[in-house]
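Novice: coords please:
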Amino acid sequence: MTILVAGATGTVGRQVVAALREAGAPVRALTRRPGAATLGPGVEVVGGDLTDAASLESALHGVIAVHLINFGGDGYAPLENGGELTAAIEAAGVRRVTMLAGWSESTLEPAVRASGLAWTVVAPTEIMANALEWADEVRAGRVERPYGDSRTAMVHEGDIGTVAATALLDEGHGGAEYQLTGPERISLREKIAALGAAAGRSVEFAELTPDEARAAMRKQGVPEHMIDFQLEVFADPPAEYNTPNGVIEKVTGRPARTFAAWARENAAAFR
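Specialist: Residues are numbered from 1 along each chain as shown. Have a look, this model is predicted:
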């Protein structure tokens, strides 16, 4: 009755593992670097790479459900072997899968949708853990970013993990596509203020123009396609993905956590 979690050392994967452990389920964590994985007691860590379906043969043995991500290898490249992966998963006798949706398309999602598996898509909006990229600036007391009044319904990565675990463990989620939001739409200025309050420090927010932001990201080595994506999305966050929808509470029975709560949980990173 083992559940396999791909991308188990990632931001969301760790939370899926934790939620399954909390539920008492046997968990097998798939990672390309098993020797470096620290996922706590009771988790079986195995090596494997989603870009190489053959490497998953032993990892899939005895597995009834799998949590998947749509990228693999270095650089978060979209998977190109979705059909092969799906065939290997079905051949192993897996019954259920969850898929963490990404911003880039891969061959995995259409292959899984066309399969006989009971699949569930978990599609979060902006993840709260992304705020960790502001840690150095918050500690320095000044954050420089564009679009300070841009509002998103940021979602706690722990809530994403709980939704995925619920879909892996329980009947009734096959064919569902869960768009996950946090419980509120808050601006970038408000997020920075919440981080400062949690860390017990005063933090200035300085708004950059889009051109200034592009130059700063280039200097940091951010790939051009990622710069384009970030500037486009945060200039006008899509309402479809940033209107609180209550899906997390409907699926898990627990209310979605606020950004202020996340900031308090992670305050040490900003001090």
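
Novice: what about the closest residue to Thr2 other than its chain neighbours, neighbour count?
Specialist: Residue nearest to Thr2 in three dimensions, not counting chain neighbours: Pro26, with 4.6 Å by Cβ to Cβ, 6 or more residues apart in numbering. Any C-beta I mention is one placed from the backbone N, CA and C, and that applies to glycine too. Pro26 has 16 neighbours, counted by other Cβ atoms under 10 Å.

Novice: where's Pro26 relative to Ser58, distance?
Specialist: As judged by Cβ to Cβ, to the nearest Å, Pro26 and Ser58 stand 16 Å apart.

Novice: also Lys250?
Specialist: Lys250 is 37 Å from Ser58, by Cβ to Cβ.

Novice: need the helices for the stretch 51-200 of the chain, in chain order.
Specialist: 82-91, 108-113, 135-140, 157-169, 188-199 (DSSP state H, counting those that start in this stretch).

Novice: quick check: which of the ones you listed is nearest to Tyr147?
Specialist: Set against Tyr147 and scored by Cβ to Cβ, these come closest in helix 188-199, at 6.3 Å.

Novice: report pLDDT for Glu184.
Specialist: Note for Glu184: predicted pLDDT of 97.

Novice: I misspoke; the intended subject was Met99.
Specialist: Met99 is given a pLDDT of 97.

Novice: for it, give me its contacts.
Specialist: 68-70, 108-109, 112, 119-122 (Cβ atoms under 8 Å, 6 or more residues apart in numbering).

Novice: buried subset of these?
Specialist: The neighbour-count test (16 or more other Cβ atoms under 10 Å) marks 68-70, 108-109, 112, 119-122 as buried among those.

Novice: quick one on the thing from earlier: Throw the contacts of Met99 into CSV and include pLDDT, thanks.
Specialist: Shown next, in CSV, are the contacts of Met99 (pLDDT from 0 to 100):
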residue, pLDDT
Leu68, 97
Ile69, 95
Asn70, 90
Leu108, 93
Glu109, 93
Val112, 96
Trp119, 98
Thr120, 98
Val121, 97
Val122, 97
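
Novice: and of those, the nearest to Val17?
Specialist: Ile69 (13.0 Å).

Novice: how close does the closest one get to Thr31?
Specialist: 11 Å.

Novice: over to Asn266?
Specialist: 23 Å.

Novice: more neighbours, those two?
Specialist: Neighbour tally, Asn266 and Thr31, criterion other Cβ under 10 Å: the higher count belongs to Thr31, 22 against 17.

Novice: in contact with the more buried one, which residues?
Specialist: Contacts of Thr31 by Cβ under 8 Å, 6+ apart are 7-9, 37, 45-48.

Novice: and Ile192, by the same measure?
Specialist: 134, 138, 143, 203, 205.

Novice: where's it relative to Gly102, distance?
Specialist: 26 Å.

Novice: cool, and Ser115?
Specialist: Using Cβ to Cβ, one gets 19 Å for the distance from Ser115 to Gly102.

Novice: just the pLDDT for Ala36.
Specialist: The model's pLDDT for Ala36 equals 84.

Novice: that should have said Gly72, apologies.
Specialist: pLDDT, Gly72: 80.

Novice: which residues do Ile69 and Thr31 both contact?
Specialist: Gly7.

Novice: what's the neighbour count on Arg218?
Specialist: Look at Arg218: counted by other Cβ under 10 Å, it has 12 neighbours.

Novice: picking that back up, in a markdown table, list the contacts of Ile192 along with pLDDT.
Specialist: Putting these into a markdown table (pLDDT from 0 to 100) gives the following:
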| residue | pLDDT |
| --- | --- |
| Trp134 | 96 |
| Val138 | 97 |
| Val143 | 97 |
| Val203 | 97 |
| Phe205 | 97 |
